[in-house]
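Engineer: I'll drop the sequence and a predicted model, then ask my questions.
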Amino acid sequence: MIRRVAVVALAVSVMSAQAPAPRPKFDAFDVATIKPVESEAKRGRFITMRGNNRFVGQDYTLKLLIAAAYSLNPKTISGGPDWMDQQHYDIAAVTPGEVRPNHDEQMSMLRSLLTERFKLSFHRESKEFSIYALEVIKGGPKLKASADAPDAPAAVLSTVYPGRIVLPARNATMGDFTSMMQRAMLDRPVVDRTGLTGRYDFDLEWAPDETQFGGEIPAAPADTPLPPLFVAIQEQLGLRLEATRGPVQGLIVDKAERPTAD
C-alpha cells in the first residue's frame, strides 16, 4: 500500500509540473507605440502577431482600426473628425506574458488602446444599410463539422496570392465567417441568416476582383480557372450571399483625438 501511495504521489507531482501556465489577462498591451505614416499600397495593410507577444498593425486609419477591433464593416462607422479616415498609423505593441493571444484577445487589447490613446468614445444606433445576407442554398451546406473542442480558438484567415485568394477556416462559426467577410473583404455589412449553429472546418478559394478588400488587391486575370467569390461560396460551401437591405447596429463616433507616439 505504501508503494502504491508513493507512485500516485509521484504521478500527481509530474502532472503538476507539466500543467500549462495560466493565460494572462489580455485586457491591455504592456506597451504600445503609435506612429503616423504615409500610406503606400506596396507596404500592405495587416494586423498580425510576430512571435508570442509582438502585436503589429500596419497602415491603418483610425476608422479601419475601429472596424477591426469591433468586427464591423467600415461603412457602418460614422461621425468623428475628418482625419479619422485620412491619417494612417503603424502600431507596434507588446502583449502580456509569453502566451500568444488569440484573435479575440488581440482585439480586446486593441479596443483598450483606442480608448486610452485615441480617447475614443461612441454610441450605437440601428440603421438600415445595403447588406449581404449569408444563406444556405437549396441543396444544403457543404461544411465539415470541426473535430476541435468547442472552446478551442477559431481561425478564419485569408492569404492573398497572385490571381487567387485562399481562406482556410478552422473551428469557425458562421458568425466568425461573416465577421471576417464584412470587416475586411466585402464592401458592405454581412449578416448571418444560415441558421447554422455549429463549428466547421472548410477551405474557400476564389479569383478576386476590384470590389474586394477596398480595391487594394489586383483583380485576377480574365482567363483564371478559379470562380469569383460569390460562385465559390455556393459551389464550395453550399451557401450564398444575397444582396439586400436590412437593419445593422452602426457605430457613431462621439469623440476621438490624435494619439501621442507612446
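Structural biologist: Perfect, I can see it now. Numbers count the residues shown, from 1 in each chain.
Engineer: what does whichever strand or helix holds Ile66 contact?
Structural biologist: In the assignment (DSSP states H and E), Ile66 maps to helix 62-69. The set of residues external to helix 62-69 that reach it, using CB atoms under 8 Å, 6 or more residues apart in numbering, is 45, 47, 57, 60, 72-74, 77, 80, 83-85, 87, 89, 91, 107, 110-111, 114, 118, 120, 122, 183-184, 251, 253, 256. (Glycine included, C-beta is placed from N, CA and C.)
Engineer: which of these are buried?
Structural biologist: Buried by 16 or more other CB atoms under 10 Å: 45, 47, 57, 60, 72-74, 77, 80, 84, 87, 89, 91, 107, 110-111, 114, 118, 120, 122, 183-184, 251, 253, 256, out of the contacts of helix 62-69.
Engineer: with adjacent residues omitted, what lies nearest to Glu235?
Structural biologist: Nearest residue to Glu235 in three dimensions, chain neighbours excluded: Pro227, at 6.3 Å (CB to CB, 6 or more residues apart in numbering).
Engineer: correct me, but the one you found touches Ile233?
Structural biologist: No - using CB atoms under 8 Å as the test, Pro227 is too far from Ile233 to be in contact (9.1 Å).
Engineer: between the two, point out the one with more neighbours.
Structural biologist: Ile233 (20 against 15; other CB atoms under 10 Å).
Engineer: gap between the more buried one and Asn73?
Structural biologist: 17 Å (CB to CB, to the nearest Å).
Engineer: helices - which of the buried ones among the contacts of helix 62-69 land there?
Structural biologist: Met107, Leu110, Arg111, Leu114 (DSSP state H).
Engineer: list the residues that contact Asp254.
Structural biologist: Gly79, Gly80, Ser121, Phe122, His123.
Engineer: cool, Ala92 as well?
Structural biologist: By CB under 8 Å, 6+ apart, the residues touching Ala92 are Ala32, Thr33, Lys35, Arg54, Phe55, Val56.
Engineer: change it to 10 Å
Structural biologist: Contact analysis of Ala92 by CB atoms under 10 Å, 6 or more residues apart in numbering lists 29, 31-35, 50, 54-58, 262.
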